[in-house]
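K.L.:
Predicted structure and sequence below. I'll ask about it afterward.
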Number of protein chains: 2
Amino acid sequence: MDGPHETHDAERYPRFTVTIEIVILTIRDDVLAVGLARRGEWPYEGMWGLPGGLVRADLDASLDRAAQRELIEETFLKLYPHASPGYARHLHLEQLKTYWGPGRDPRPGLQVATVAYLAVAPHLPALVAAGDAAAVRWIPVEDVLDERVALAFDHSRIVADGVERARAKLEYTALATALVPPEFTVAELRRVYEIVWGVPLDKRNFHRKATHRDGFLEPTGRTTTRGRGRPAQLYRHNGHEAVHHLSVHPHHRP
Amino acid sequence: MDGPHETHDAERYPRFTVTIEIVILTIRDDVLAVGLARRGEWPYEGMWGLPGGLVRADLDASLDRAAQRELIEETFLKLYPHASPGYARHLHLEQLKTYWGPGRDPRPGLQVATVAYLAVAPHLPALVAAGDAAAVRWIPVEDVLDERVALAFDHSRIVADGVERARAKLEYTALATALVPPEFTVAELRRVYEIVWGVPLDKRNFHRKATHRDGFLEPTGRTTTRGRGRPAQLYRHNGHEAVHHLSVHPHHRP
DNA sequence: CGAATAGTGTCTCTTAGACACTATGTC
DNA sequence: GACATAGTGTCTAAGAGACACTATTCG
């Protein structure tokens, strides 16, 4: 069999098109949602699919950079036309998985390998100038996973893989803080876990664990009066990524 | 800026070579070791690097299949010339990460994207016909991570990523059972954790946790007399992948 | 019998999770 | 004061980890 580097003759190397696709998740109207783009052309014209684009050797210094460029240009600015691109530069973004195989893309003669990235964004105020014609839009992941909304290519599976990764990483990393504004209350953070996992969590136990676990939350000293009750303390994430076992699962009852 | 699917004109798509590379780990002589291949040609001729090869649309039905083909043909059969290829078909094999970027490969005009896979194999008896000229060889990961053995391309980083993944997955999956023969004793399994993590584990606590955790070990009823002392029970992994918190970490002492 | 390893039992301390009350703001 | 939400305290049971002894084989 051919080794990867057996000859310098470029003609012997099969050639692939490499694309980046972004699974961007947020919480919107109390459900987990994924940012999808409506396809404007064949194949799968008119269907929803993951936003993305080509990896370009002339533009991109790395896969991560290519993903960041797609995230900003193709996704974030279309969801939030008035937001600053700098904001998107601080979103959580990690490589998810690479997909390839005959039949993924129906275009003849085209071998497309797709490097999927997982992005996670806080719920930002308003997607201006929405309307049905919006090119990029939030769609509840439940609709995608239950196949109520069919996606182009194999994008449903990629979304499923992204959601699975996000659910898992909630448990042992500080990923939840990426789904919430830079300063947030304990209740807002708890709602993230409840929505992503789909389970109710005890308010008091969560508060104890979230605030006592060191290397996780840092009080800002300020409070908020967003809600109707007693003002809540504002916290920020203090930078450490690993937060072992913040999980809150019910005991078994015989 | 270009979307991935904006035109059907294949000429507009930059072309990449896609390779698979395998980080195969095992335990050998009581240390974690990685299977490396000696490069026979430019670039990095004579250096050690990850075994791998081209993804070929005419041969491979998926990335996973391509990785399995490389694992068997380029790696396993060269490490164990007398082993049956069927054995390799049951090794643990999972996609690790994709690497690309200018400067990864010095060959001009070549854009190589590499999909790295992590494989994990039990320690098999003998690598026949070894000798220094062996094309593929086990090298302790410690030597690679400490840069005592420099690898071709960015393969040192890929090995580091693979080892990190393996260490993490020991904690919450049954990955350890892939580093041990199909039937194994509790002590053999414990040694896997101790070697991969580099920490001593309490024999008694480990035994209790490993055997009581359901969905993990299944007694075969048979015993072994491999060692010098009392014969040990043989277990096999019962198929469940998720094993939450088998970790055994020392308490903090003030 | 001694050496070597396998396997079991007990105690303690940490902590997850169940649960109820007080505190502080708005209307 | 009514209401809503924030935040704290206590109890219990599960389990992790420290630790010592018995069991079974070989020489």
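P.N.:
All right, it came through fine.
K.L.:
Helices along the stretch 1-150 of chain A, start to end?
P.N.:
A:63-70, A:77-79, A:85-88, A:141-145 (DSSP state H, counting those that start in this stretch).
K.L.:
Could you tell me how far the third one lies from the centre of the chain?
P.N.:
So that's helix A:85-88. With Cα atoms, centre = their mean, to the nearest Å as the basis, helix A:85-88 stands 15 Å off its chain's centre.
K.L.:
So which elements touch it?
P.N.:
Other helices and strands packing on helix A:85-88, by 3 or more Cβ pairs under 8 Å, 6 or more residues apart in numbering or on different chains; DSSP states H and E, are absent; none qualifies. To be clear about C-beta, it is placed using only N, CA and C from the backbone, and glycine gets the same treatment.
K.L.:
which of the helices of the stretch 1-150 of chain A sits most buried?
P.N.:
Sort the helices of the stretch 1-150 of chain A by mean neighbour count, taking mean count of other Cβ atoms under 10 Å in any protein chain shown, and helix A:63-70 sits at the top with a mean of 21.
K.L.:
Quick check, the residue in the stretch 151-254 of chain A closest to DNA strand D?
P.N.:
At 2.1 Å from DNA strand D, A:G229 is the closest residue in the stretch 151-254 of chain A, using Cβ to the nearest atom of the strand.
K.L.:
quick one: what helix or strand has that residue in it?
P.N.:
Secondary structure assignment for A:G229, by DSSP states H and E: no helix or strand.
K.L.:
hmm, back to that, any chance of the helices of the stretch 1-150 of chain A in JSON lines, plus distance to A:L189 and mean pLDDT?
P.N.:
Below are the helices of the stretch 1-150 of chain A laid out as JSON lines (distance: least, Cβ to Cβ, whole Å; pLDDT from 0 to 100):
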{"stretch": "helix A:63-70", "distance to A:L189": "25", "mean pLDDT": "95"}
{"stretch": "helix A:77-79", "distance to A:L189": "23", "mean pLDDT": "70"}
{"stretch": "helix A:85-88", "distance to A:L189": "20", "mean pLDDT": "79"}
{"stretch": "helix A:141-145", "distance to A:L189": "20", "mean pLDDT": "98"}
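K.L.:
so can I have JSON lines of the ones you listed showing distance to A:A168?
P.N.:
Shown next, in JSON lines, are these (distance: least, Cβ to Cβ, whole Å):
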{"stretch": "helix A:63-70", "distance to A:A168": "20"}
{"stretch": "helix A:77-79", "distance to A:A168": "25"}
{"stretch": "helix A:85-88", "distance to A:A168": "24"}
{"stretch": "helix A:141-145", "distance to A:A168": "15"}
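K.L.:
JSON lines please, covering those helices and showing distance to DNA strand D.
P.N.:
Listed next are the helices of the stretch 1-150 of chain A as JSON lines, based on distance: least, Cβ to the nearest atom of the strand, whole Å:
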{"stretch": "helix A:63-70", "distance to DNA strand D": "33"}
{"stretch": "helix A:77-79", "distance to DNA strand D": "27"}
{"stretch": "helix A:85-88", "distance to DNA strand D": "25"}
{"stretch": "helix A:141-145", "distance to DNA strand D": "24"}
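K.L.:
Mind checking the ones you listed for the one nearest to DNA strand C?
P.N.:
Comparing those by Cβ to the nearest atom of the strand, helix A:141-145 comes nearest, at 24.4 Å.
K.L.:
Can you get me a residue count around whatever residue of the stretch 101-250 of chain A ends up closest to chain B?
P.N.:
Using Cβ to the nearest Cβ, the single residue of the stretch 101-250 of chain A nearest to chain B is A:G101, 4.4 Å away. For A:G101, the count of nearby residues is 19 (other Cβ atoms under 10 Å in any protein chain shown).
K.L.:
one step back: could you count how many residues lie near the residue of the stretch 151-254 of chain A closest to DNA strand D?
P.N.:
7.
K.L.:
Below-threshold pLDDT in the stretch 151-254 of chain A: ranges please.
P.N.:
For the stretch 151-254 of chain A, the stretches flagged by pLDDT under 70 are A:242-254.
K.L.:
Get me the contact residues on it for DNA strand D.
P.N.:
Within the stretch 151-254 of chain A, the positions near DNA strand D by Cβ under 7 Å from any atom of the strand are A:185-187, A:203-205, A:207-208, A:211, A:223, A:227-233, A:251.
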